[in-house]
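In: With the sequence up front, the predicted model follows.
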Amino acid sequence: MKRLAVLLLALFALGTAAAAADGPNANFHLDEFARLPVVFNGRHQPIDSLAANALVQIRERRRANLEPWKSWWEKPRMASATEWFATLTMRPDEADTWPTFRINHPDLISLLKLPQKERGQDGKHYSWNQIEPGFKEVEDQARRVLEKKPDAAQRDSFDQSVLKLRNALTLYLRLKNTVIPTNTTNLLADVEKFRAVASGFATRRNDPEQRQAIVGEIFNWDMLESFDTPLIIPPTEANLTREGWTRVAASVVALSMGDNATALFRTLGDIRKFQGRPGAEDAPLMASLRQRFNELLDTAMPPKPVPASLQAYVTMAEAFRRGDSVTFNSTLAGYRQQLASNPAVAGDLTKTAREVFFNQLAPFYTTMPIYVTAFLLGCFYWFNFNQTARKLAFWLIAAGFVLHTVGLIFRMWLEGRPPVTNLYSSAIFIGWGSVGLGLLLEKFWRNAIGLVVGSSLGFVTLVIAHNLALDGDTLVMLQAVLDTNIWLATHVVIVTLGYASTYVAGFLAMLYVVRGVFTRGLDEATGRSLTRMTYGIVCFATLFSFIGTVLGGIWADQSWGRFWGWDPKENGALIIVLWNALILHARWGGLVRERGLMNLTIAGNIVTSWSWFGTNMLGIGLHSYGFMGGAFLWLGGFILSQLAFIALGSLPPRYWRSLKHRPVAPVQPGNPPPKAGGKPRPAVA
């Protein structure tokens with residue numbers, strides 16, 4: 001049995017393994033290129049992560065299908081995220097022809113006059129060159145949405161598609177200018193031209209023509225700096241700090257203007273922000289900024305030699321453009337040796353190697369088909385009580401749980417944080433806790449109920465996490481208010497375990513309703529088992545949600561100076577505690593029996609989902625970290641589904657296939673006999 005489970009796991013791992021570069025780029029060492037460190041959005045990361053996260057935002061996949069109109073058996077040309085990034089940054093003319101952008105809304109496709117499904121076109125994926133004629137229309141529509149519908153809750157699917165495409169185009173342009181700016185064909189020649197102008201200005205600072213020339217050069221490179229491209233130039237020996245990374249544009253200006261480059265760019269940025277305001281030209285602040293710029297210009301340092309990192313990237317880009325894999329690979333190897341000898345970057349090299357390994361391992365993607373297979377085996381067991389199916393499902397879930405745990409621990413190691421730091425990691429952790437509770441239930445009741453509930457919740461939460469990852473990097477920098485490891489490890493972890501256990505109880509109740517209404521499999525013994533499981537998990541959920549909420553109040557007092565402020569997220573956590581307490585009191589007081597307990601527990605899924613996602617959608621409160629418009633319909637659909645389950649659970653016993661075949665219960669105190677002419681009361685109601 002264990003060997004069969006291992007064989008299935010090996011097949012799952014092969015199915016999710018990342019594909020190596022093929023076609024014309026097969027000879028380039030892109031796997032080593034993927035490990036080069038960069039800085040983007042404030043995080044030190046490998047090119048592999050930068051490329052994959054960007055491709056997910058643009059195309060919703062971690063690989064680029066260059067022939068999406070072909071079916072899988074036709075073997076379409078696939079490009080890894082790193083190959084796509086290398087092509088975009090070093091061979092942009094070719095990348096601009098690849099169908100990278102995914103557009104799902106038919107009205108937006110029609111507005112941009114893009115081709116529908118036809119030969120060589122699947123009607124969903126389009127290239128930069130195809131969308132380029134409609135750039136102005138996209139920008140105009142995006143401006144209309146932002147001005148007329150500032151509240152994200154007001155935007156319809158078309159508005160969301162417009163903003164999503166605009167963000168994807170902006171990200172694409174930022175990455176495109178990472179290595180070789182699009183307005184230059186020979187970067188080093190342009191650098192030497194800038195240095196010559198800077199040298200002339202250094203000898204003739206009072207010459208108006210020299211001043212105009214140097215200002216023009218600085219403004220040209222400042223335009224590229226404003227693209228906010230990834231930082232790929234590491235700190236030099238003279239600036240051995242981990243925060244000394246720069247962009248290509250800033251590095252070029254630093255070559256000619258010395259250490260004043262950063263201050264020059266910052267001052268120019270302030271001037272740009274202020275220029276659009278009424279009366280800005282006459283304002284004292286504008287005059288002060290211009291004076292500051294001139295002072296920095298007059299105190300510019302002598303030119304510096306071209307850094308080896310910039311030279312290496314330019315050489316690799318030219319070699320990649322020519323298809324010269326030998327030069328590319330040798331330059332790449334030499335550059336990695338330079339980084340390893342730089343004390344400010346050596347640690348980043350180690351970290352990026354770990355992160356690339358984690359990306360290739362893809363533990364959460366590999367775990368998803370494992371949970372689905374185990375779920376199907378658990379359901380199969382109920383049809384014929386085949387112990388082989390149940391045992392195989394158990395070992396598969398156990399192996400998936402181990403892989404799930406490895407993924408969580410690896411993320412903690414990479415971040416240096418507890419397991420839950422954002423919504424993505426909360427989904428991963430809730431799934432992990434649910435699977436663990438499912439295995440625990442199966443250990444006590446060997447009836448596959450824990451396996452089915454645990455595997456289904458594990459899969460669903462991983463799907464939620466996958467969709468949350470479409471927003472980009474999941475290892476993001478923490479907001480200042482969250483940057484406290486002790487509270488992340490206590491309050492957040494404990495309250496998230498409360499979420500997980502509440503969901504487990506709710507799914508057990510849903511299983512009770514489905515088996516009771518639609519099958520005859522809910523016999524008296526199974527009903528008692530499900531009731532005990534649900535009751536025990538609700539007790540567990542009440543304890544953890546209560547302790548987590550109390551700890552959250554203490555954290556709030558330390559962060560904001562008050563224990564409780566009726567914030568929507570705080571209210572959501574309190575509602576979970578109160579609802580679980582209501583379930584227990586209703587059960588203890590005899591107000592509900594089996595079916596009533598199950599209906600109340602299913603309602604707990606609604607309460608928990610509101611606290612987990614709904615409070616963020618309000619866009620208000622100290623705990624709201626961003627509106628997720630795409631999740632609104634999914635949340636609404638989930639709530640409707642839970643209401644449907646409650647309606648099924650409230651049907652009279654005569655409509656339950658399992659209950660109407662139960663023996664008649666003897667008359668007991670509190671269980672009055674049926675009315676005259678009425679049907680006999682089942683033993684469990």
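Out: Sure thing, it's come through. In this text, all values refer to a predicted model and were calculated from it rather than measured experimentally.

In: Name the single longest helix found in the chain.
Out: If you go by DSSP state H, the chain has its longest helix at helix 524-560.

In: Run the chain-centre distance for whatever helix or strand comes next after that helix.
Out: Next helix or strand after helix 524-560 toward the C-terminus (DSSP states H and E): helix 568-588. Here helix 568-588 shows a centroid-to-chain-centroid distance of 30 Å under the convention Cα atoms, centre = their mean, to the nearest Å.

In: What's the mean pLDDT across the helix or strand just after helix 568-588?
Out: Once helix 568-588 ends, the next helix or strand along the chain (criterion: DSSP H and E) is helix 594-609. Regarding helix 594-609, the rounded mean pLDDT is 95.

In: quick one, helix 594-609 and helix 568-588 angle?
Out: Here the directions of helix 594-609 and helix 568-588 differ by 170 degrees (axes from the mean of the first three to the mean of the last three Cα atoms, to 10 degrees).

In: roughly how far out does stretch 450-468 sit from the chain middle?
Out: 16 Å.

In: now stretch 27-42
Out: 20 Å.

In: Who are the contact partners of the residue most central in space within the chain?
Out: Nearest to the mean C-alpha position of the chain, by Cα atoms, centre = their mean, lies Ala469 at 2.0 Å. Neighbour list for Ala469: 53, 56, 424 [criterion: Cβ atoms under 8 Å, 6 or more residues apart in numbering]. No exception for glycine: its C-beta is placed from N, CA and C like everyone else's.

In: So the second one sits against Arg62, correct?
Out: It refers to Val56. Yes. Applying Cβ atoms under 8 Å, one finds Val56 in contact with Arg62, separated by 5.9 Å.

In: care to break this structure down by domain?
Out: 30-176, 187-319, 361-472, 478-484+505-658 (automatic domain parsing).

In: most packed of those?
Out: Across these, the average number of neighbours (mean count of other Cβ atoms under 10 Å) peaks for domain 361-472, which reaches a mean of 21.

In: Which SSE is immediately downstream of the lowest-mean-pLDDT helix or strand in the chain?
Out: Lowest on mean pLDDT, DSSP states H and E among the helices and strands of the chain sits helix 2-16, with a mean of 60. Moving toward the C-terminus from helix 2-16, the next helix or strand (DSSP H and E) is helix 30-33.

In: With only the CA atoms kept, save that next one in PDB.
Out: Extracted in PDB, the C-alpha atoms of helix 30-33 (Å, rounded to 0.1, in the frame of the first residue of the first chain):
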ATOM      1  CA  LEU A  30      18.900  29.800 -17.900                       C
ATOM      2  CA  ASP A  31      18.700  27.700 -14.800                       C
ATOM      3  CA  GLU A  32      21.800  29.600 -13.500                       C
ATOM      4  CA  PHE A  33      20.500  32.900 -14.800                       C
END
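
In: Just after it, pick out the following helix or strand.
Out: Assigned by DSSP H and E, the successor of helix 30-33 is strand 37-40.

In: which other residues reach that next one?
Out: 44-47, 50, 230-232, 234, 245, 339, 345, 348-349, 351-352, 473.

In: So which of those belong to strands?
Out: Using DSSP state E, the subset of those located in strands is 44-46.

In: And the helices in the stretch 151-300 of the chain?
Out: With DSSP state H, counting those that start in this stretch applied, the stretch 151-300 of the chain shows helices at 157-176, 187-203, 208-225, 248-257, 261-275, 284-298, listed in chain order.

In: Tell me which of the ones you listed lies nearest to Ile494.
Out: Proximity to Ile494, assessed across the helices of the stretch 151-300 of the chain by Cβ to Cβ, is greatest for helix 157-176 (34.6 Å).

In: other SSEs contacting the closest one?
Out: helix 47-59, helix 81-90, strand 101-102, helix 106-111, helix 128-131, helix 135-148 (3 or more Cβ pairs under 8 Å, 6 or more residues apart in numbering; DSSP states H and E).

In: Kindly recompute the last result at 10 Å.
Out: Counting contacts by 3 or more Cβ pairs under 10 Å, 6 or more residues apart in numbering; DSSP states H and E, helix 157-176 is packed against helix 47-59, helix 81-90, helix 92-95, strand 101-102, helix 106-111, helix 128-131, helix 135-148, helix 630-649.

In: Walk me through which strands the fourth one pairs with, and which way each runs.
Out: When you say that, I think you mean strand 101-102. With DSSP bridges as the test, strand 101-102 is paired with strand 125-126 (antiparallel).

In: can you list contacts of the strand it pairs with?
Out: 59, 61, 64-69, 98-103, 109, 112, 114-115, 134, 165 (Cβ atoms under 10 Å, 6 or more residues apart in numbering).

In: tell me how far that strand is from the chain's mean position?
Out: With Cα atoms, centre = their mean, you get 22 Å for strand 125-126.

In: quick one: average pLDDT of the longest helix of the chain?
Out: 91.

In: got the contact list for the nearest residue to Ile103 once chain neighbours are set aside?
Out: Spatial nearest neighbour of Ile103, chain neighbours left out: Ile109 (5.6 Å); criterion: Cβ to Cβ, 6 or more residues apart in numbering. Listed by Cβ under 10 Å, 6+ apart, the contact set of Ile109 reads 103, 115-116, 123-124, 126, 161.

In: Distance check, Arg446 against Leu508.
Out: Distance of Arg446 to Leu508, computed by Cβ to Cβ, to the nearest Å: 16 Å.

In: average pLDDT across the helix or strand hosting Leu396?
Out: Following DSSP H and E, one finds Leu396 within helix 387-415. Averaged across helix 387-415, pLDDT comes to 92.

In: Pull the distance from it to the chain's centre.
Out: Offset of helix 387-415 from its chain centre (Cα atoms, centre = their mean): 21 Å.

In: Over to stretch 113-127?
Out: Its chain's average C-alpha position is 27 Å from that of stretch 113-127, according to Cα atoms, centre = their mean.

In: Low-confidence stretches in the stretch 201-350 of the chain?
Out: 222-226, 237-243, 255-262, 272, 274-282, 300-304 (pLDDT under 70).

In: Try it again at 90.
Out: 201-229, 233-311, 314, 340-350 (pLDDT under 90).

In: picking up where we left off before, tell me the one of the contacts of Ile109 nearest Val306?
Out: Nearest to Val306 among these, with distances taken as Cβ to Cβ, is Tyr126, at 38.4 Å.

In: Pipe the domains of the chain into TSV and attach distance to Leu497 per row.
Out: Listed next are the domains of the chain as TSV, based on distance: least, Cβ to Cβ, whole Å:
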stretch	distance to Leu497
domain 30-176	27
domain 187-319	35
domain 361-472	5
domain 478-484+505-658	5
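
In: Out of those, the one nearest Thr331 is which?
Out: Ranking the domains of the chain by proximity to Thr331 (Cβ to Cβ) places domain 187-319 first, at 4.7 Å.

In: hang on, the earlier thing: go through the contacts of Ile109 and flag the one the model is least confident about.
Out: Where pLDDT dips furthest among those: Gln116, at 84.

In: which residues does that one contact?
Out: By Cβ under 10 Å, 6+ apart, the neighbours of Gln116 are 106, 109-110, 122-124.

In: Just flag the most distant two among those residues.
Out: Ser110 and Asp122 (16.1 Å).
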